[in-house]
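Q: Here is my input; please provide its structure:
(chains A and B)
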Amino acid sequence: MVIAALLVAIAGTTLLTGTASAQSGTTISGIVVGIDTDADGRLTKFAIADSSGTITTFEVSDATEYGLENQAGDRWVSSQGEQPVEVARRLRDHRERFAPVTVSSENGIATSVVEREEGKLETSLGYLFAVFAITWALFFVYVLYVGRKQRVLQHEIARLKGASHPAK
Amino acid sequence: MTKVLNFLDPLPIFSAALMGLALWLIFIWVPTEINQGAVQRILYFHVPVAWGSMLGIFVVSGSSIMYLWKKNEKWDRLAVASAEVGVVFGGLMLLSGMIWARPVWSVWWTGEAKLTTALILFFIYVAYLMFRAYFPPGTQRQRLAAVIGLIGAVNTPIIYFAANLWTQAHPPIVTGPAADAESSLGSDLGTVLLVSTLAFTFLFIYLVQIRYKIRKAEDDIVELKRSAGSNPPVVPVTPDQAATTEARGTS
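A: Numbering: from 1, shown residues only, chains lettered A, B, ... in the order given. As a prediction, the model looks like this:
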């Protein structure tokens, strides 16, 4: 039963996950899932997965601006033209930490990449409900299964005892 | 046979009361965490069920050692009861973790150390139970199952320390001896986590207890059948009764 629930969850992930390319004038929040650099280690493009699982790829230009924080919360501000190698390193750090970012773009080219702005985490009650519902549903099903098994065993024991010690 | 589901038993009553208190603390009392928002409350379920799954394998391995040493059936019963409850807790640990990761990490699953070792623990439980289900009954099965249980125990400390050994995406340890001061929970959050963990621990004990009694009943049936085989029943059995008995005996 638990394995079946896991398989359903994994299948759901596969079905729900999709890919998309950046549209003009969009702002997307998500985590960094892919980074491309040239031979000199300069960032050329990167990909973001948003909360629906959609992966969006962004090109960068010298005008692309960055405002990213490290794990300690120190903010680093620069642009692609100024520090293209450091940009790639910072985004890799974000990818490893699963730190979400917000990307503004024009025609598929990122104009700014900053720490995630106000997201939907505070209202993600559906996920909370899902955990509690699944937890209790599983426990109740398990207790029902145990109860049913107990009844069958009780009947079996009573029958066997009756058979070995018949009423006289 | 001892009645398994006895609702006047103090243990389920205490477990239910403690669970009610935990739910009140989780949804009403504790403040919402600033960074993650409402989904952080999943932690109060995820950590206790993860603890339950690790407690399960600990009991399985402890009972396995005792069985190999003493050759007493009660230890084998305790091991299998604990493994079955442990697989339920392990499955819930994985599911609740995946649901938490979706809004926070934007992915359901990633191959980082803590998640991978937890998945291995789940598979060890599944392997243990599958082995017991499909291997022919007897002392050999119990011995080999005990060895699988011991292998599972090796994985437990690796899971616990994984977040510290391999610094990756999973939040660091927040409770226990390996938790550092920076990652420890605040007093309110820690209190809720403690109460919730206690509630799930008692639930675990209760479930293991009822599963143990069922296992004992199954052994009693085998014993009764064996004695009935040596003393054939005097009472005539109709063909329908015989068919029902056969079906139950093989299920």
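
Q: tell me the domain ranges of chain A?
A: Per automatic domain parsing, the domain ranges recorded for chain A read A:17-120, A:124-164.

Q: Any chance of those domains in CSV with mean pLDDT and distance to B:F200 as columns?
A: C-beta here means a position set from N, CA and C on the backbone, and glycine is covered the same way. As requested, the domains of chain A are arranged in CSV below (pLDDT from 0 to 100; distance: least, C-beta to C-beta, whole Å):
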stretch, mean pLDDT, distance to B:F200
domain A:17-120, 81, 27
domain A:124-164, 86, 10
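
Q: The ones you listed into JSON lines, with extra columns for distance to B:P12?
A: Listed next are these as JSON lines, based on distance: least, C-beta to C-beta, whole Å:
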{"stretch": "domain A:17-120", "distance to B:P12": "39"}
{"stretch": "domain A:124-164", "distance to B:P12": "10"}
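
Q: Adding mean neighbour count, write those domains out as a markdown table.
A: Below are the domains of chain A laid out as a markdown table (neighbours: other C-beta atoms under 10 Å in any protein chain shown):
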| stretch | mean neighbour count |
| --- | --- |
| domain A:17-120 | 16 |
| domain A:124-164 | 16 |
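
Q: Figure out which of those domains is closest to B:F27.
A: The stretch from those with the least distance to B:F27 (C-beta to C-beta) is domain A:124-164; that distance is 9.0 Å.

Q: And that closest one, how far out from the chain middle?
A: 32 Å (C-alpha atoms, centre = their mean, to the nearest Å).

Q: closest to B:N72 out of the domains of chain A?
A: domain A:124-164 (21.6 Å).

Q: On the pLDDT front, check residue 10 for me.
A: Went with chain A since none was named. Reading off the confidence values, A:I10 has pLDDT 43.

Q: please go with chain B instead
A: pLDDT at B:P10 comes out at 85.

Q: And B:Y125, by the same measure?
A: 89.

Q: Can you identify each of the helices in the stretch 151-251 of chain B by residue range?
A: B:187-230, B:239-250 (DSSP state H, counting those that start in this stretch).

Q: in the stretch 51-200 of chain B, what residue is nearest chain A?
A: Using C-beta to the nearest C-beta, B:G91 is the residue of the stretch 51-200 of chain B that sits closest to chain A, at 3.0 Å.

Q: Make sure that residue is actually in contact with B:F122.
A: Yes. Here B:G91 reaches B:F122: they are 6.6 Å apart, a contact under C-beta atoms under 8 Å.

Q: How about B:D219, nearest residue that isn't a chain neighbour?
A: B:E73 (6.6 Å; C-beta to C-beta, 6 or more residues apart in numbering or on different chains).

Q: picking up where we left off before, least confident of the helices of the stretch 151-251 of chain B, on average?
A: Looking at these, the weakest mean confidence is helix B:239-250, a mean of 44.

Q: give the contact list for A:R75.
A: A:R75 sits next to A:67-69, A:115 when contact means C-beta atoms under 8 Å, 6 or more residues apart in numbering or on different chains.

Q: ok, longest helix in chain A?
A: Scanning chain A for the longest helix, with DSSP state H as the assignment, gives helix A:125-164.

Q: follow-up on the earlier one: show me the contacts of A:R75 that map onto helices.
A: Using DSSP H, no member of the contacts of A:R75 sits in helices.

Q: B:P136: which element?
A: B:P136 belongs to no helix or strand when elements are defined using DSSP states H and E.

Q: Run a quick neighbour tally on it.
A: Residues lying near B:P136 (other C-beta atoms under 10 Å in any protein chain shown) number 6.

Q: again with B:A228
A: Neighbours of B:A228 (other C-beta under 10 Å): 15.

Q: can you list the residues of the stretch 1-150 of chain B near chain A?
A: B:1, B:3-5, B:32, B:35-39, B:41-42, B:45-46, B:49, B:87-88, B:90-92, B:94-96, B:98-100, B:102-110, B:126 (C-beta under 8 Å from any C-beta of the partner chain).

Q: Out of those residues, which end up buried?
A: B:1, B:4, B:36-39, B:41-42, B:45-46, B:49, B:87-88, B:90-92, B:94-96, B:98-100, B:102-109, B:126 (16 or more other C-beta atoms under 10 Å in any protein chain shown).

Q: re earlier: the inter-axis angle of the longest helix of chain A versus helix B:187-230?
A: Orientation check (axes from the mean of the first three to the mean of the last three C-alpha atoms, to 10 degrees): helix A:125-164 against helix B:187-230 gives 20 degrees.

Q: just checking, what packs against helix A:125-164?
A: helix A:2-16, helix B:43-70, helix B:73-105, helix B:187-230, helix B:239-250 (3 or more C-beta pairs under 8 Å, 6 or more residues apart in numbering or on different chains; DSSP states H and E).

Q: Out of those helices, which one sits most buried?
A: helix B:73-105 (a mean of 24; mean count of other C-beta atoms under 10 Å in any protein chain shown).

Q: residues contacting the nearest residue to A:T37 once chain neighbours are set aside?
A: Closest residue to A:T37 apart from its sequence neighbours, by C-beta to C-beta, 6+ apart: A:A88 at 5.0 Å. Residues in contact with A:A88 (C-beta under 8 Å, 6+ apart) are A:35, A:37, A:41-43.

Q: and which of these is nearest to A:V146?
A: So of these, ranked by how close each gets to A:V146 (C-beta to C-beta), first place is A:I35, at 50.2 Å.

Q: Surely the closest one touches A:H94?
A: No. The criterion here is C-beta under 8 Å, and A:I35 misses it with A:H94 at 9.4 Å.

Q: quick revisit: out of the contacts of A:R75, which one sits closest to A:D50?
A: Among these, and counting by C-beta to C-beta, the member closest to A:D50 is A:E115, at 15.4 Å.

Q: what about the spatially closest residue to that closest one that is not a sequence neighbour, distance to chain B?
A: Leaving aside its sequence neighbours, A:E115 sits nearest to A:E69 (C-beta to C-beta, 6+ apart; 5.2 Å). Noted for A:E69: a distance of 12 Å to chain B, by C-beta to the nearest C-beta, to the nearest Å.

Q: Just confirm A:E69 contacts A:W76, I think it does.
A: Yes. Contact status for A:E69 versus A:W76: in contact at 7.2 Å, counting by C-beta under 8 Å.
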